[in-house]
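Chemist: pasting a predicted model and its sequence here:
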Protein chains: 2
Amino acid sequence: MVTIKDVAREAKVSVATVSRALNGSSNVTPPTRVRIERTAARLRYVPLGAARSLVTRRTQAVGALLPDLYGEFFSELIRGIDLAARARGLHLLVSSTHGDADETAAALHALQGRVDGLLIMSPHVDGGFLRKHLAGSVPAVLMDAALHDRRCASVSIDNYGGARAMTGHLLACGHRKLAFIQGPEPNHDARERRRGFEETVAATRGTTSRLLQGDYSEESGHRAGRALLSGKDRPDAVFAANDMMAIGCLSAFNEAGVRVPEEIALAGFDDIPIARYMHPPLTTVRVQISELGHVALERLMIRMQAPDTPEPGVTTLACEVVVRASCGSGTEASGSVKTRQAPHTNN
Amino acid sequence: MVTIKDVAREAKVSVATVSRALNGSSNVTPPTRVRIERTAARLRYVPLGAARSLVTRRTQAVGALLPDLYGEFFSELIRGIDLAARARGLHLLVSSTHGDADETAAALHALQGRVDGLLIMSPHVDGGFLRKHLAGSVPAVLMDAALHDRRCASVSIDNYGGARAMTGHLLACGHRKLAFIQGPEPNHDARERRRGFEETVAATRGTTSRLLQGDYSEESGHRAGRALLSGKDRPDAVFAANDMMAIGCLSAFNEAGVRVPEEIALAGFDDIPIARYMHPPLTTVRVQISELGHVALERLMIRMQAPDTPEPGVTTLACEVVVRASCGSGTEASGSVKTRQAPHTNN
DNA sequence: GGGGCGAATGTAAACGTTTTCATAAAGAAA
DNA sequence: TTTCTTTATGAAAACGTTTACATTCGCCCC
């Protein structure tokens, strides 16, 4: 392996000068600098990250702890984080946890000491969990976290507002018998979306509603769709807690020859890129998924640079109802309604 | 920050013993071990990765350099890599390059010295590029690389065979006027898929074919679909070089009220999870995308453990035609044909 | 009871880099 | 010239960990 010493010897300078020349900064004579740069390039010298980190106390890396890596939601999220990290010159360490709280704690532990900051999305992680397992050793930002805990930074989507807006839209379209395919129970966002749906329905006279269990996968949406068709009291609109389930549900309807939106309306949540390419194009709640990653990373940067600044609380990203054909909206061909301005930070 | 010295002092042993106790291995008396473990847990000691890496010459991390992070193909690929890496106790550093060869080289450079191995997928990277910019400092495995270069390890999909098989299937369905929506020119896999299509068509009498340019995005597929409909000589089957474009194309057909497969057949490539949930479900070439990541990581592990072993050449992963409704296959409702056994390593 | 041996623990030297401090050289002010 | 300041460079000390080697201790065997 070629080290800084080799470069120093070849270029006939000390290691200190090599370090200075290569890190751009302080006083090195132009001729020495180019000589060193040439030598380094010739020897193919690459500074060892570990050694550098050890002395600078910086890894130039952030970790992203995610619950799963399945589907377009996460590819969009990772994309948003990656782009923002790249712009800041940071490396991105991704880690997924499929298991329970213990496994999540283990993953969190493994990530510490390797990164300068942590982006966390996990149903098991809230402020208390973080304080217990992180102990302030690394700044962290929660994404879509369960608890709006003032003491830890977090960036969330306005799941509740989005679900309210979408439910309101379905009602406005004239649908009265609604069904909701909910996401996995432990997920905070799944609960919020359901709450938005239920409260809106409860506040409107003359409506009936029904809940089906799902787990955010297409397959569970497909199952739910079949269950709805086989039941005796078919709803006139189905609101799925995410697009993947809506897509699975749509496919079940298509298989059964039930036309959407003529016979049954359908809406999703997330606005994953594929949603608009479905047939019919899917009415959904737009969440700027990549923006969530982007904003979370920016927040993390702030905390990394000034770790002792007062905790900045929760940032909420607005959602937006995107009306496409699948909800049977007669009045407007396509349009959108925002739940509120974004991003909005609540201290 | 709490270091190994703090733990040693608290537990009244030397740092060496702490290190031994925490790393599981050699002779430590059970009572001392538990005392050290307790102390470490109490102090919330986390070993600093950088220091550990510096002395062990291992980062316990692999890097994945990917061309982009958009769409389900990459989320599946990352998922496959992540799962395999997790199983091996390795961390995963992801990095994407959107730019040209220079940017790719820079990303490659930034990744060196931070990882024990590299997984690379990039249209700009071939064996020569690798030798020039990597210089054997880190073992690397190419995924779906342009050049089947014996001197560097690579895992590829049988793009050519898959395209041949699919084209053959479309012909077997009775379609004679074919169109192919090709992927971005610089991509090796895009070229291979086109080659498979063209050669199969050329070998069959009485067929006509037409090529349209795409870039693997839904949007480009949508554009291509519209172009096909507006043209005077409408094909009876369209083969898109990936599923995303097929989905965009399908959406264009749907918008125009052109029925698939009755009026025009459609096929894709990749079998992303969503493909089967389209309407009609998409006939496509199944590529075990996550398996590609998985196999690539396993290959990398081998090279990491024995760097001086002779280069093992190219591993090819078979593709499989998955027949669903979109191709208008009258005879069989659903089925599949493999191009060959997988995985198959060619030394 | 002494010699040898193995197990448990301690000591200290690496690992490659940055950075502080010291030094040398070169110019500016006198 | 002399002295002071500035600038470029070098020497060496950190950074936190692992690990080769040294040491101590207790035990068994003769």
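Modeler: Sure, I can see it. Residues are numbered from 1 along each chain as shown, chains lettered A, B, ... in the order given.
Chemist: pLDDT on stretch A:114-131, on average?
Modeler: Averaged across stretch A:114-131, pLDDT comes to 88.
Chemist: brain fart, stretch A:264-278
Modeler: Stretch A:264-278 comes out at a mean pLDDT of 92.
Chemist: ends of that stretch, how far apart?
Modeler: End-to-end distance of stretch A:264-278 (CA to CA, to the nearest Å): 16 Å.
Chemist: likewise for stretch A:117-129?
Modeler: Using CA to CA, the two ends of stretch A:117-129 sit 16 Å apart.
Chemist: buried ones in it?
Modeler: By neighbour count on 16 or more other CB atoms under 10 Å in any protein chain shown, the buried set for stretch A:117-129 is A:117-127, A:129. In short, each C-beta sits where N, CA and C put it, glycine included.
Chemist: tell me the contacts of the residue nearest the centre of chain A?
Modeler: By CA atoms, centre = their mean, the mean C-alpha position of chain A lies nearest to A:Leu77, the distance being 4.3 Å. Applying CB atoms under 8 Å, 6 or more residues apart in numbering or on different chains, we find A:Leu77 in contact with A:66, A:121, A:143, A:289-290, A:292-293.
Chemist: list the buried ones in stretch A:215-234?
Modeler: Residues A:215-229 are the ones in stretch A:215-234 that count as buried (16+ other CB under 10 Å).
Chemist: and which of those residues is nearest B:Ser329?
Modeler: Nearest to B:Ser329 among the buried residues of stretch A:215-234: A:His222, at 22.1 Å, using CB to CB.
Chemist: find me whatever residue is spatially closest to A:His169, sequence neighbours aside.
Modeler: A:Val321 (5.3 Å; CB to CB, 6 or more residues apart in numbering or on different chains).
Chemist: how far out from the middle of the chain is the helix or strand that that neighbour is a member of?
Modeler: When elements are assigned from DSSP states H and E, A:Val321 belongs to strand A:320-323. Chain-centre distance of strand A:320-323: 19 Å, with CA atoms, centre = their mean, to the nearest Å.
Chemist: likewise stretch A:204-214?
Modeler: What separates the centre of stretch A:204-214 from the centre of its chain is 28 Å, taken as CA atoms, centre = their mean.
Chemist: what's in contact with that stretch?
Modeler: A:171, A:176-185, A:194, A:197-198, A:201, A:220-221, A:223-224, A:227-228, A:233, A:235, A:240-241, A:245.
Chemist: what's the end-to-end length of it?
Modeler: 25 Å.
Chemist: relative to DNA strand D, how far out is the residue lying closest to A:Thr59 once chain neighbours are set aside?
Modeler: Ranked by CB to CB, 6+ apart and with sequence neighbours excluded, the top spatial neighbour of A:Thr59 is A:Ser53, at 4.8 Å. To DNA strand D, A:Ser53 is 9 Å away according to CB to the nearest atom of the strand, to the nearest Å.
Chemist: what about A:Ser53, which SS state?
Modeler: Secondary structure, DSSP: H, G, I helix; E, B strand; the rest coil: A:Ser53 is helix.
Chemist: show the contacting residues for it.
Modeler: Per CB under 8 Å, 6+ apart, neighbours of A:Ser53: A:59-60, B:49-50.
Chemist: from those residues, pick the one nearest DNA strand C.
Modeler: Nearest to DNA strand C among the contacts of A:Ser53: B:Ala50, at 8.3 Å, using CB to the nearest atom of the strand.
Chemist: from A:Arg58, how far out is the closest one?
Modeler: Distance, B:Ala50 to A:Arg58, using CB to CB, to the nearest Å: 9 Å.
Chemist: which ones are touching the closest residue to A:Ala51 other than its chain neighbours?
Modeler: Excluding the flanking residues, the one nearest A:Ala51 by CB to CB, 6+ apart is B:Leu54, at 5.3 Å. Going by CB under 8 Å, 6+ apart, B:Leu54 touches A:48, A:50-51, A:54.
Chemist: of those, which is the most crowded?
Modeler: Of all these, A:Ala50 has the most neighbours under the rule other CB atoms under 10 Å in any protein chain shown, reaching 22 neighbours.
Chemist: rewinding a little: hang on, the residue nearest to the centre of chain A in a strand?
Modeler: No. Counting by three-state DSSP, A:Leu77 falls outside a strand, being helix.
Chemist: would you quantify the distance from A:Leu300 to A:Asn159?
Modeler: Distance of A:Leu300 to A:Asn159, given as CB to CB: 21 Å.
Chemist: ah, wrong one, I meant A:Arg86
Modeler: Counting by CB to CB - A:Arg86 and A:Asn159 are separated by 28 Å.
Chemist: between those two, tell me which one has more neighbours.
Modeler: For A:Arg86 and A:Asn159, the more surrounded residue by other CB under 10 Å is A:Asn159, and the numbers stand at 28 against 17.
Chemist: wait, what's in contact with the more buried one?
Modeler: With CB under 8 Å, 6+ apart, A:Asn159 has these contacts: A:144, A:189, A:192-193, A:196, A:269, A:319.
Chemist: which residue, neighbours along the chain excluded, lies closest to it?
Modeler: Closest residue to A:Asn159 apart from its sequence neighbours, by CB to CB, 6+ apart: A:Glu192 at 3.7 Å.
Chemist: how distant is the strand or helix carrying the one you found from the center of its chain?
Modeler: Here A:Glu192 sits within helix A:188-202, counting by DSSP H and E. In this view, helix A:188-202 has its centroid 20 Å away from the chain centroid, taken as CA atoms, centre = their mean.
Chemist: what's the following helix or strand after it?
Modeler: Counting by DSSP H and E, the next helix or strand C-terminal to helix A:188-202 is strand A:208-213.
Chemist: tell me if the very next helix or strand once past that following strand is near chain B.
Modeler: Downstream of strand A:208-213, the next assigned helix or strand under DSSP H and E is helix A:218-230. Yes. Residues of helix A:218-230 are located near chain B by CB under 8 Å from any CB of the partner chain, namely A:218, A:222.
Chemist: can I get helix A:218-230 in CSV, CA atoms only?
Modeler: What follows is helix A:218-230, C-alpha atoms only, in CSV (Å, rounded to 0.1, in the frame of the first residue of the first chain):
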residue,chain,number,x,y,z
GLU,A,218,-48.7,-4.6,-3.5
GLU,A,219,-49.6,-8.1,-2.5
SER,A,220,-51.5,-7.0,0.6
GLY,A,221,-53.3,-4.4,-1.5
HIS,A,222,-54.2,-7.1,-4.0
ARG,A,223,-55.6,-9.3,-1.2
ALA,A,224,-57.6,-6.4,0.3
GLY,A,225,-59.0,-5.6,-3.2
ARG,A,226,-60.2,-9.2,-3.6
ALA,A,227,-61.7,-9.1,-0.1
LEU,A,228,-63.6,-6.0,-0.9
LEU,A,229,-65.1,-7.4,-4.1
SER,A,230,-66.1,-10.7,-2.5
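Chemist: hmm, back to that, and the contacts of A:Asn159, which are buried?
Modeler: Among these, the ones that count as buried by 16+ other CB under 10 Å are A:144, A:189, A:192-193, A:196, A:269, A:319.
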